[in-house]
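**Student:** Everything below, folded, please.
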Amino acid sequence: MTEELKKKVWAFSLPMISELFVQQLYSVIDMAIIGRYLGARELGAVGNAANIIMLFLVVSGGFEMAVDVMVSRLLGAGKNKEKVAMARDTLFLSAISGLVLVVIAWISLPALYKAVSLPENMVGDALLYGRVYLFALPIIYIYDVGRAILISNERAKISFYLLATSSILNLLLNLLFILVLQLGVLGSALGTVLAQGITMLVTLYLLAKTGARNWEPESSTSWAQPSWLLKNASFRSNRKSRLIPAFSLQS
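**Tutor:** Next up is the predicted model:
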């Protein structure tokens, strides 16, 4: 591996490694503020609620990994139209999946809390936090897919900045809602939802801005049509294709 290639690999890898660290800080910030300013009961309720909600976030990870691999392959192959259509359709599907899971999770939360024997004095706060947080599911799904698209298009630094910004917003909004407005557990959930929502909008704006020409739909209704999924089914079913991202390493 040449020195130039090593520099490019490190330039791509370091922001992603930093993201993993920042992602862990996200939940630590919530727990630290709740534990310090609300109390042990609220901390236990939010901690249990967050663990249950994680069950409904795993699908987002699947979308994220899939779009990362496929956009990278299409980018390396120079298939810009297919890349844009696939990314657009994945954003659409992730949003729909998030909405469906909101309904499922909303209905099943009480039963799930009962299944893990959550103490009665925590159920009320856990339900409040969980159901408010559920509104962020579609937002998180779109945000995660958007970040994956940025990373696969060699925008790993931008992805890291977005995640860092989201963590800072989460911290500030939690402090505002809990300390200033005295909203308790509800304030923690609202802070997280708003931080994720703002960052998602910025992510979509950056996707549109950095790929303005490529993101222009072919017709006024093309955004509602799963074009890549239908027109490129052969790409997914080609078992001989190697599922290795073909990253472009141009500076």
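**Student:** Secondary structure class of Leu118, three-state.
**Tutor:** Using DSSP: H, G, I helix; E, B strand; the rest coil, the secondary structure recorded for Leu118 is coil.
**Student:** got the contact list for it?
**Tutor:** Residues near Leu118 by C-beta atoms under 8 Å, 6 or more residues apart in numbering: Ala45, Asn48, Ala126. No exception for glycine: its C-beta is placed from N, CA and C like everyone else's.
**Student:** how about a cut-off of 10 Å?
**Tutor:** When contacts are counted by C-beta atoms under 10 Å, 6 or more residues apart in numbering, Leu118 touches Gly44, Ala45, Asn48, Ala49, Ile52, Pro110, Leu112, Ala126, Leu127.
**Student:** Narrow those residues to those in helices?
**Tutor:** Within those, membership in helices is found for Gly44, Ala45, Asn48, Ala49, Ile52, Pro110, Leu112, Ala126, Leu127, as judged by DSSP state H.
**Student:** Nearest to Ile198 among the contacts of Leu118?
**Tutor:** Ala49 (22.1 Å; C-beta to C-beta).
**Student:** Let me know the distance separating Gly78 from Glu120.
**Tutor:** Separation of Gly78 from Glu120 (C-beta to C-beta, to the nearest Å): 60 Å.
**Student:** Is Ile178 in contact with Gly191, as I believe?
**Tutor:** Yes. Counting by C-beta atoms under 10 Å, Gly191 is a contact partner of Ile178 at 7.7 Å.
**Student:** Common neighbours of these two, please.
**Tutor:** Listed as contacting both Ile178 and Gly191 by C-beta under 10 Å, 6+ apart are Ile33.
**Student:** Can you give me the neighbour number for Gly78?
**Tutor:** Using other C-beta atoms under 10 Å, Gly78 has 10 other residues around it.
**Student:** Let me fix that, I meant to ask about Leu169.
**Tutor:** Neighbour tally, Leu169, other C-beta under 10 Å: 18.
**Student:** wouldn't it be in contact with Met200 here?
**Tutor:** No. At 11.5 Å, Leu169 does not count as touching Met200 under the criterion of C-beta under 10 Å.
**Student:** Okay, strands next: where are they in the stretch 101-250 of the chain?
**Tutor:** Along the stretch 101-250 of the chain, counting by DSSP state E, counting those that start in this stretch, no stretch forms strands.
**Student:** Let's see the host helix or strand of Ser60 as PDB, backbone CA atoms only.
**Tutor:** Using DSSP states H and E, Ser60 falls within helix 58-76. Only the C-alpha atoms of helix 58-76 are listed here, as PDB (Å, rounded to 0.1, in the frame of the first residue of the first chain):
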ATOM      1  CA  VAL A  58     -32.200  -2.800  14.500                       C
ATOM      2  CA  VAL A  59     -33.900  -2.500  11.100                       C
ATOM      3  CA  SER A  60     -32.300   0.900  10.700                       C
ATOM      4  CA  GLY A  61     -28.900  -0.700  10.900                       C
ATOM      5  CA  GLY A  62     -29.800  -3.100   8.100                       C
ATOM      6  CA  PHE A  63     -30.900  -0.300   5.800                       C
ATOM      7  CA  GLU A  64     -27.700   1.600   6.700                       C
ATOM      8  CA  MET A  65     -25.400  -1.300   5.900                       C
ATOM      9  CA  ALA A  66     -27.300  -2.200   2.700                       C
ATOM     10  CA  VAL A  67     -27.200   1.400   1.300                       C
ATOM     11  CA  ASP A  68     -23.500   1.800   2.200                       C
ATOM     12  CA  VAL A  69     -22.500  -1.300   0.200                       C
ATOM     13  CA  MET A  70     -24.800  -0.700  -2.800                       C
ATOM     14  CA  VAL A  71     -24.200   3.000  -3.200                       C
ATOM     15  CA  SER A  72     -20.400   2.400  -3.000                       C
ATOM     16  CA  ARG A  73     -20.600  -0.300  -5.700                       C
ATOM     17  CA  LEU A  74     -22.600   1.900  -8.000                       C
ATOM     18  CA  LEU A  75     -20.400   4.900  -7.300                       C
ATOM     19  CA  GLY A  76     -17.300   2.900  -8.200                       C
END
